[in-house]
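Participant: just a sequence and a predicted model for now, questions to come.
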Amino acid sequence: MTAIDTELAPVLPVGGQGQRTPKWKKRSTWVTVIWAAALIVIVAVVLYPLLWMVLASFKLSSDITGNVSLLPENPTIQNYVKVLQGIGGIPVYTFFANSLILAVGSVIGVVISSSMAAYAFARVRFAGSKIFFGLMIATLLLPFHVLIIPQYIIFQRLGLVDTFVPLLVVKFLATEAFFVFLMVQFIRNLPMELDEAARIDGARHPRVFFSITLPLIKPALVTSSIFAFIWSWNDFLGPLLYLNSTEKYPLPLALRLYNDQSSVSDYGATIAISVLALIPIALFFFIFQRFLVEGVATQGLKG
Amino acid sequence: MTTTQRQASQTAAPLGSASAGPGSTAPRAGGRPKLSEKKRDGIAGYLFLTPWLIGFFVLTLGPMLISLYLAFTKYNLFTDPEWIGFDNFTRMFNDPQFQQSVQITLTYVLVGTPIKLAAALGVAMLLNYRSKGTGFFRSAFYAPSLIGASVSVAIVWRAMFNSDGPVDTGLGFVGIDLGGWVGNPSLVMPMMILLAVWQFGAPMVIFLAGLKQIPGELYEAADVDGAGPWRKFRSVTLPMLSPVIFFNLLLEMIGAFQIFASAFIISSGTGGPAGSTNFYTIYLYQRAFGDLQMGYASAMAWLLLVVVGIAAFVLFRTSKFWVHYGGDLK
């Protein structure tokens, strides 16, 4: 499919074509000006909600409604002070810590389990591998609805509701086929000769996996880690199903508390904690945007 | 299961047949202390695959079967499931809330996805116009896709579209007085679709990668033939891009079916106002975890699975009529 087509992109002589601008690409200055103006307008519309959000967090709650101006008339950090007081007697850093534990745990689980499965699919010949690979691809398209009820029943029977276990164990068992698929694609593009040379020297699969494959698929591991972190950080349904006690809430559930409890007069604090919750993602985005955008472009991964 | 076994015996057969007939594996293994490479491969394969295998059987296939069974029962999590045949499925036909949730979800998927993809393709073509200096725009357009499904964005969206929020106030300046979108059942769907369209960045990046693969010679040839911009779009861009369109369509439609957090936050978990955010997932969640009607909710889940499966099948089947894979145009 597409993912496979675009995978081949680096092999094609792209650079050779781009050396001189082909005739059909030459454009007049006027068209370029209109083109740039259109892009700037679209970018302004797309970024407006984010800008509004950040600036609204520094507004008095009474100034947030009833005007379109982006800049706060009376800048204040009152909203953030209110957020730092916590909610229901639980300090706000607890929610951050919970989110961080879940996200880091997810990254570790995804990297270990998905890279192992991907190595098996891409580099080991064994009976049934084709069937399992097909099943793995099929789970890519599986609506999660059909799993939430029985999975909940299983974890409830095991007495694991209101712990982080159900949220983390799924990551350690490579249930997110996206990551397995991404790594399989990456490993398949590595030259087989390296593996063969190592095998001739007497290295067995575990050795090849650790010394050759893992170091070479670092870009895929980084991309997977970033997406695993962000997806876990944003996940709402999982924690909503499995976590009951407020002190175990990650940020999305805490945000819901603020959102449901605050009246219009307390808008500011809700928006302020929403901004805080997005900061780690923003950092990832600014540091790794190349990885993210390239990852999406080559693998068809969603945000 | 049987296919797995058949596959296993087929692949295993050539290994033993070289040295001796069937059934000779035991003495052979006893004779040589070192395992054959094929066998070692088999063991290594399954060892590497162990986490995935456990995940697949215990957390995916097993639960699917449990869910299928529960779909034919009445189950509240505490007493034993009671077999009721097809009652859950016939009940759907008399459940107006269920029908509403189907209608809302289909509207969202069938209207929202094409608009989102059209926006993604349009902006991708705009960005593809020049190859240099577009990195900033590409990243900026992509940013909403990363956070769009988060609770933070849902909260902000609600604040922006509430009465007296910036959208309402801004429209008021140009003489359009719609009031708050959040409390208005007929404006909630446009608001949700706008939230989806705002996240056009991910499919756009994929379109852009596809556009860059189209050889410039095709456009030069079209120029020579005197084709205008629209003709070039219809006869070169669209066919060359069709695999990417197919891929994005599949991915985005499946994603749209699964909308949950934004609808949940915007309606405070109620699916309101007047059921206008009563998406399939929200309704399923309420039935399963609000009323503990696990059987009915499982039936809903399986119906969705079958419908999505048929839709994907149809999409794949019809794809050969409109998707051109590399080669046939070169």
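Facilitator: It's in.
Participant: flag the shaky bits of chain B, pLDDT-wise.
Facilitator: Across chain B, residues meeting the criterion (pLDDT under 70) sit at B:1-34, B:131, B:325-330.
Participant: does the lengthiest helix in it reach chain A?
Facilitator: Secondary structure of chain B per DSSP state H: the longest helix is helix B:294-322. Yes. Helix B:294-322 lies within reach of chain A by Cβ under 8 Å from any Cβ of the partner chain, at B:294, B:297-298, B:300-302, B:304-305, B:308, B:312. Glycine gets a C-beta too; all of them are placed from N, C-alpha and C.
Participant: and the closest residue to chain B within the stretch 1-150 of chain A, how many neighbours?
Facilitator: Using Cβ to the nearest Cβ, residue A:126 is the residue of the stretch 1-150 of chain A that sits closest to chain B, at 3.0 Å. By other Cβ atoms under 10 Å in any protein chain shown, the residues close to residue A:126 number 23.
Participant: phi and psi next, for it.
Facilitator: phi -150, psi 160 (degrees, to the nearest 10).
Participant: mind checking how far the residue lying closest to it once chain neighbours are set aside is from residue A:138?
Facilitator: Nearest non-adjacent residue to residue A:126, counting by Cβ to Cβ, 6 or more residues apart in numbering or on different chains: residue B:45, 3.0 Å away. In this view, residue B:45 and residue A:138 are 19 Å apart by Cβ to Cβ, to the nearest Å.
Participant: the more surrounded of the two?
Facilitator: Legend: neighbour count by other Cβ under 10 Å for residue B:45 and residue A:138, higher for residue B:45 (22 against 13).
Participant: helices or strands up against the one helix or strand that one maps to?
Facilitator: Residue B:45 is part of helix B:37-54, with elements assigned from DSSP states H and E. Here helix B:37-54 touches helix A:92-123, helix A:129-140, helix A:205-208, going by 3 or more Cβ pairs under 8 Å, 6 or more residues apart in numbering or on different chains; DSSP states H and E.
Participant: about what we covered before: buried residues in the longest helix of chain B, which are they?
Facilitator: Of the residues in helix B:294-322, those buried by neighbour count under the rule 16 or more other Cβ atoms under 10 Å in any protein chain shown are B:294-305, B:308, B:319.
Participant: wait, which of those is closest to residue A:160?
Facilitator: residue B:294 (17.7 Å; Cβ to Cβ).
Participant: how about the nearest residue to that closest one, chain neighbours excluded?
Facilitator: residue B:75 (4.3 Å).
Participant: and that neighbour, how many neighbours does it have?
Facilitator: Neighbours of residue B:75 (other Cβ under 10 Å): 24.
Participant: do you know how far it is from residue A:149?
Facilitator: Residue B:75 is 9 Å from residue A:149, by Cβ to Cβ.
Participant: kindly report the same for residue A:28.
Facilitator: 60 Å.
Participant: among those two, which residue is more densely surrounded?
Facilitator: The neighbour comparison of residue A:28 against residue A:149 (other Cβ under 10 Å) goes to residue A:149, with 28 against 8.
Participant: can you check what pLDDT the model gives that one?
Facilitator: Residue A:149 carries a pLDDT value of 95.
Participant: who are the neighbours in contact with it?
Facilitator: B:67, B:70, B:288, B:294, B:297-298, B:301 (Cβ atoms under 8 Å, 6 or more residues apart in numbering or on different chains).
Participant: ok so, going back, which positions within the helix or strand that comes right after the helix holding residue B:45 qualify as buried?
Facilitator: Using DSSP H and E, the helix or strand that follows helix B:37-54 towards the C-terminus is helix B:62-70. By 16+ other Cβ under 10 Å, the buried positions in helix B:62-70 come out as B:63-64, B:66-68, B:70.
Participant: cool, stretch A:124-134 as well?
Facilitator: Result for stretch A:124-134 [16+ other Cβ under 10 Å]: buried residues A:124, A:126-129, A:132-133.
Participant: tell me the mean pLDDT for it?
Facilitator: Here the average pLDDT along stretch A:124-134 is 92.
Participant: chain center to that stretch, what's the gap?
Facilitator: Chain-centre distance of stretch A:124-134: 28 Å, with Cα atoms, centre = their mean, to the nearest Å.
Participant: distance between the ends of it?
Facilitator: End-to-end distance of stretch A:124-134 (Cα to Cα, to the nearest Å): 16 Å.
Participant: helix or strand: which one has the residue sitting nearest the centre point of chain B?
Facilitator: Residue closest to the mean C-alpha point of chain B, counted by Cα atoms, centre = their mean, is residue B:254 at 2.3 Å. Taking DSSP H and E as the criterion, residue B:254 maps to helix B:238-257.
Participant: can you give the distance of that helix from its chain's centre?
Facilitator: Worked out by Cα atoms, centre = their mean, helix B:238-257 lies 10 Å from the chain centre.
Participant: any idea how many residues pack against residue A:81?
Facilitator: 11.
Participant: all helices for the stretch 51-200 of chain B, in order.
Facilitator: Secondary structure of the stretch 51-200 of chain B (DSSP state H, counting those that start in this stretch): helices located at B:62-70, B:87-93, B:96-107, B:113-128, B:135-147, B:151-161, B:166-173, B:185-198.
Participant: possible to save the ones you listed as JSON lines with distance to residue A:154?
Facilitator: Output for those, formatted as JSON lines (distance: least, Cβ to Cβ, whole Å):
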{"stretch": "helix B:62-70", "distance to residue A:154": "7"}
{"stretch": "helix B:87-93", "distance to residue A:154": "21"}
{"stretch": "helix B:96-107", "distance to residue A:154": "26"}
{"stretch": "helix B:113-128", "distance to residue A:154": "33"}
{"stretch": "helix B:135-147", "distance to residue A:154": "31"}
{"stretch": "helix B:151-161", "distance to residue A:154": "26"}
{"stretch": "helix B:166-173", "distance to residue A:154": "44"}
{"stretch": "helix B:185-198", "distance to residue A:154": "32"}
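Participant: most tightly surrounded among the ones you listed?
Facilitator: Stretch with highest mean neighbour count among the helices of the stretch 51-200 of chain B: helix B:151-161 (a mean of 25; mean count of other Cβ atoms under 10 Å in any protein chain shown).
Participant: is it positioned near chain A?
Facilitator: Yes. Helix B:151-161 lies within reach of chain A by Cβ under 8 Å from any Cβ, at B:151-153, B:155-160.
Participant: thinking again about what came up before, quick check: which of the helices and strands packed on helix B:37-54 is buried the most?
Facilitator: helix A:92-123 (a mean of 21).
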